[in-house]
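1. can you look at this prediction? I've put the sequence above it.
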Amino acid sequence: MTGEQALTWADYIGTLGALRQELAEVDTSGVYELTIPHLAATEEEIAAAEARLGHPIDAQYREFLRYANGWPEFFYDSCLLGTNDLGTGELWQHANDNLDVFYESLPEMTDRKSGSAGM
């Protein structure tokens, strides 16, 4: 970087919050409800989530949690999970189900790229 300061989670959250507000204002259908992130997680909440998961939280996500302890319906029906959601509960299960679908589709996607799908 040439004299530019790296963006922080506070910068990202502020920008995304402003964009979410703009989207909610122009969305006449009510599909994109305006939601805001939860207040920052404490070190104790982060430590409890790590204990429940059985491993440390990724450094970037850990830093996000220090600014926002999750963000419900961050975009449409996608949530950024907070410490109470990590490793347990309905949102955790939903995220894992979505990951299962994604990973199960990878061989099919690879076959399509190589032109061998359906052959």
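-> That came through, no problem. Numbering: from 1, shown residues only.

2. from here on, contacts and neighbour counts on C-alpha atoms
-> Noted.

3. name the residues of the host helix or strand of residue 103 that are buried.
-> Following DSSP states H and E, one finds residue 103 within helix 89-114. Of all the residues in helix 89-114, those buried under the rule 16 or more other CA atoms under 10 Å are 91, 92.

4. ok, the lengthiest strand in the chain: who's next to it in the sheet?
-> Longest strand in the chain by number of residues (criterion: DSSP state E): strand 71-75. The strands beside strand 71-75 in its sheet (DSSP bridges) come out as strand 78-80 (antiparallel).

5. which residues are contacting the strand it pairs with?
-> For strand 78-80, the surrounding residues in contact (CA atoms under 8 Å, 6 or more residues apart in numbering) are 70, 71, 72, 73, 74, 91.

6. switch the cut-off to 10 Å
-> Strand 78-80 is contacted by residues 37, 61, 64-65, 68-74, 91-92, 94-95 when judged by CA atoms under 10 Å, 6 or more residues apart in numbering.
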